[in-house]
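[1] Let me see the structure of the following:
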Amino acid sequence: MACTSGMSLRAMEKSLIASNGFLRSSAGTVSHRLVTPAPLPRHRVSRLVTEARVREIFMPALSSTMTEGKIVAWSKSEGETVSKGESVVVVESDKADMDVETFYDGIIATILVGEGEVAPVGAAIAILAESEDDLEDAKKKAAKLAGSDGAAAAAPAAPEPAAPAPAAAAPPPPPPAPAAPATPGKVVATPEAKKLAKKHKVDLAKIAGSGPYGRVTPEDVKKAAGIATTPAPTIAPPAAAAAPAPAARAAAPAAAAAVPLPAGASVVAFTAMQGAVARNMEATLAVPTFRVGYTVTTDALDALYKRVKGKGVTMTALLAKAVGLALARHPIVNAACKDGKSFHYNASVNVAVAVAMDGGLITPVLKNADQTDLFTMSGQWKELVGKARRKALSPSDYTGGTFTLSNLGMFGVDRFDAILPIGQGAIMAVGSSIPTMVAAEDGSFGIKRQMQINVTADHRIIYGADLAEFLQTFAKIVEDPEQLTL
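    Now for the predicted structure:
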């Protein structure tokens, strides 16, 4: 990498951290290395050696959608020595828990973000000293970072020009509601705030933090201890207007969120996975969708399942294989529109299948579902489900899906609608197969097992006829399923 004179070492580190890659997998987790810049030109080496004796460990980007991470556990404590390639911390991303490795030998001088706390991608979470001689410098750097974090959190936004104060003084605004800690029973505070609290014997649990995510800052502790601090400027609220300004209307939802909760209610913060699901669901509301339902007779599929179940084949694999074959014949349903101006046909058929998890939802992907044989696919699916339950999926396991399958039939649900995932053209919702009275063409009646299929599609690229033809093909495959075993 060439180094331009206008880029600092830290900027280069953050740039590379944001684009880091997966290096290797270990039992139950996925390992990441905290990547640092390539060597700089020789004429700057002497300066680099001095600067690199104290390094920051950053919150890495563990997935393309990750904006922040939660520290699950530190594998190393302050003062412990770490070696290059050794896991130092477990981070909860929006998809899984992952071990993060260090790229350097050194000593963990200071941990800036404790267990249960959250930090944005690229933020410093710990300071690494090269040797014991550098510990003092490392701790000074940690204190400086903690101080700047607290100051930034406590600094008020620049006020706009105030309207003339009304004749009668307006009542003071109510104090903000205390922020809920990231983990029940755990206080989130900066290292400097913890030191001040210990020094002045202040109970952190009784302080409402003003920092990001309710983090207690040094300023909060000083206020609680009665230590004089620079008062923040206050502005008298403007006189009420006949019509609310746009800014006031925008702030209305936030004001509504501050309404006191009913007695006995409690607030539970989203996990990283729940937050990611919420953001994706909100983003998909901008896509115009429509839904088409279809009834499929499953007697032949149920009979096939009974024959191959003993060989490890699952119903999910049978459905995914049927979807894959149908998508290969109707590539428009496997296409996607991402910019609202064009769409693209995907080169492969990758079926993502929804898996419910404790506190979230994830969609592992069965790659090349139209070409992979049924028995191999069943083995792959069992492995993916096991990794999902352990929160050990790697990005290659849950990215690249071109169509999503959501099956609630095992719960007895007869039909439901699914929300279209971002970046895909359609999603299929599968209900349970139940005995149904069916009239034959000759007027006779009989009992057949049938299931309801509902598909939600992006109407910008997929039209009603496209989806109807796809569902007809899928139904024919399910009703004559011997081709699934070929």
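
[2] Where is the longest strand in this protein?
    Counting residues, the longest strand in the chain under DSSP state E turns out to be strand 445-458.

[3] Which positions in the next helix or strand after that one come out as buried?
    Next helix or strand after strand 445-458 toward the C-terminus (DSSP states H and E): helix 464-479. Residues of helix 464-479 classed as buried under the neighbour-count rule (16 or more other Cβ atoms under 10 Å) are 466-467, 470-471, 473-475, 477-478. Any C-beta I mention is one placed from the backbone N, CA and C, and that applies to glycine too.

[4] Tell me what the nearest residue to Gly293 once chain neighbours are set aside is bridged to.
    Take Gly293 and drop its neighbours on the chain: the residue closest to it by Cβ to Cβ, 6 or more residues apart in numbering is Asn454, 4.8 Å away. Beta-bridge partners recorded for Asn454 (DSSP bridges): Gly293, Ala429.

[5] contacting residues for Asn454?
    Applying Cβ atoms under 8 Å, 6 or more residues apart in numbering to Asn454 gives the contacts 291-294, 415-418, 428-429, 431.

[6] How about Asp397?
    Going by Cβ under 8 Å, 6+ apart, Asp397 touches 364-365, 384, 387.

[7] residue ranges for the helices of the stretch 51-200 of the chain, please.
    Taking DSSP state H, counting those that start in this stretch, the helices of the stretch 51-200 of the chain run over residues 135-154, 191-200.

[8] Adding mean pLDDT and mean neighbour count, write those out as JSON lines.
    Output for the helices of the stretch 51-200 of the chain, formatted as JSON lines (pLDDT from 0 to 100; neighbours: other Cβ atoms under 10 Å):
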{"stretch": "helix 135-154", "mean pLDDT": "71", "mean neighbour count": "17"}
{"stretch": "helix 191-200", "mean pLDDT": "79", "mean neighbour count": "18"}
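
[9] so can I have JSON lines of these showing distance to Val54?
    Putting those into JSON lines (distance: least, Cβ to Cβ, whole Å) gives the following:
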{"stretch": "helix 135-154", "distance to Val54": "5"}
{"stretch": "helix 191-200", "distance to Val54": "16"}
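
[10] Mind checking these for the one nearest to Ala326?
    When these are ranked by proximity to Ala326, the top entry is helix 135-154, at 53.0 Å, counting by Cβ to Cβ.

[11] where in this protein is pLDDT low?
    The chain contains residues with pLDDT under 70 at 1-52, 63-65, 94-96, 147-187, 212-213, 228-258.

[12] which residues in the stretch 201-350 of the chain form helices?
    218-225, 246-257, 272-284, 299-308, 315-329.

[13] quick one, which of those is nearest to Trp74?
    Per Cβ to Cβ, nearest to Trp74 of these: helix 272-284, 17.1 Å.

[14] Check which helices and strands that closest one sits against.
    Packing partners of helix 272-284 (3 or more Cβ pairs under 8 Å, 6 or more residues apart in numbering; DSSP states H and E): strand 68-74, strand 360-362.

[15] Pull the residues that contact the next helix or strand after the shortest one.
    Yep, that's strand 360-362 we're talking about. Following strand 360-362 in sequence order, the next helix or strand is strand 365-366 (DSSP H and E). The contact list for strand 365-366 (Cβ under 8 Å, 6+ apart) reads 317, 320, 324, 350-353, 372, 377, 380-381, 384, 397-401.

[16] So Met437 lies in a strand, does it not?
    Yes - according to DSSP: H, G, I helix; E, B strand; the rest coil, Met437 belongs to a strand.

[17] Beta-bridge partners for it, please?
    Ile447.

[18] any idea how far Ala73 is from it?
    57 Å (Cβ to Cβ, to the nearest Å).

[19] Please apply the same query to Phe411.
    Distance, Phe411 to Ala73, using Cβ to Cβ: 34 Å.

[20] do the same with Ile332
    Ile332 is 47 Å from Ala73, where distance means Cβ to Cβ.

[21] And those two? Which one has more around it.
    Between Ile332 and Ala73, Ile332 has the larger neighbour count (other Cβ atoms under 10 Å), namely 18 against 12.

[22] Can you name the residues that contact that one?
    Shown in contact with Ile332 (Cβ under 8 Å, 6+ apart): 345, 425, 461-462, 466.

[23] can you pull the buried residues of stretch 199-207?
    202, 204, 207.

[24] Mind putting those into CSV with distance to Ala303?
    Converted to CSV, the buried residues of stretch 199-207 look like this (distance: Cβ to Cβ, whole Å):
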residue, distance to Ala303
Val202, 71
Leu204, 64
Ile207, 65
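
[25] Cross those residues against strands and list the overlap.
    Judged by DSSP E, strands contain none of the buried residues of stretch 199-207.

[26] Out of the residues you listed, which is nearest to Leu135?
    Leu204 (25.6 Å).

[27] from memory that closest one sits against Gly214, does it?
    No - applying Cβ atoms under 8 Å as the test, Leu204 and Gly214 come out as separate, 11.5 Å apart.

[28] Could you verify my assumption that Val88 touches Val82?
    Yes - taking contacts as Cβ under 8 Å, Val88 lies within contact range of Val82: 5.6 Å.

[29] what sits in contact with each of the two?
    What both Val88 and Val82 touch, as defined by Cβ under 8 Å, 6+ apart, is the set 76, 102, 108.

[30] and the last one, what is it in contact with?
    For Ile108, the contact set (Cβ under 8 Å, 6+ apart) comprises 76-80, 82, 88, 126-128.

[31] Buried subset of those residues, written for PyMOL?
    Per 16+ other Cβ under 10 Å, the buried members of the contacts of Ile108 correspond to this PyMOL selection:
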select buried, resi 76+78+82+88+126+127+128
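
[32] Sort out which of the contacts of Ile108 are in strands and list them.
    Secondary structure defined by DSSP E assigns 82, 88, 126-128 of the contacts of Ile108 to strands.

[33] Distance check, the closest residue to Asn280 other than its chain neighbours against Arg279.
    Using Cβ to Cβ, 6+ apart and skipping the chain neighbours, the partner closest in space to Asn280 is Ile422 (5.4 Å). Remark: distance between Ile422 and Arg279 (Cβ to Cβ) = 9 Å.

[34] Ile447 too?
    Using Cβ to Cβ, which is the criterion applied here, Ile447 is 45 Å from Arg279.

[35] Those two: which has the busier surroundings?
    Neighbour count, other Cβ under 10 Å: between Ile447 and Arg279, Arg279 has more, with 15 against 10.

[36] mind listing what Ser87 touches?
    By Cβ under 8 Å, 6+ apart, the contact set of Ser87 is 31, 75, 99-101.

[37] which residues does it form a beta bridge with?
    Glu101.

[38] Look up how far Phe375 lies from it.
    Using Cβ to Cβ, Ser87 is found at 36 Å from Phe375.

[39] got it, and Met281?
    In this structure, Met281 and Phe375 are 35 Å apart, going by Cβ to Cβ.

[40] Kindly report the same for Val313.
    As judged by Cβ to Cβ, Val313 and Phe375 stand 6 Å apart.

[41] These two: which has the busier surroundings?
    Remark: of Val313 and Phe375, Val313 carries more neighbours, 22 against 14, as counted by other Cβ under 10 Å.

[42] Tell me, how many residues neighbour the spatially closest residue to that one that is not a sequence neighbour?
    Nearest non-adjacent residue to Val313, counting by Cβ to Cβ, 6+ apart: Ser378, 4.6 Å away. Residue crowding around Ser378 was assessed by other Cβ under 10 Å; the count is 24.
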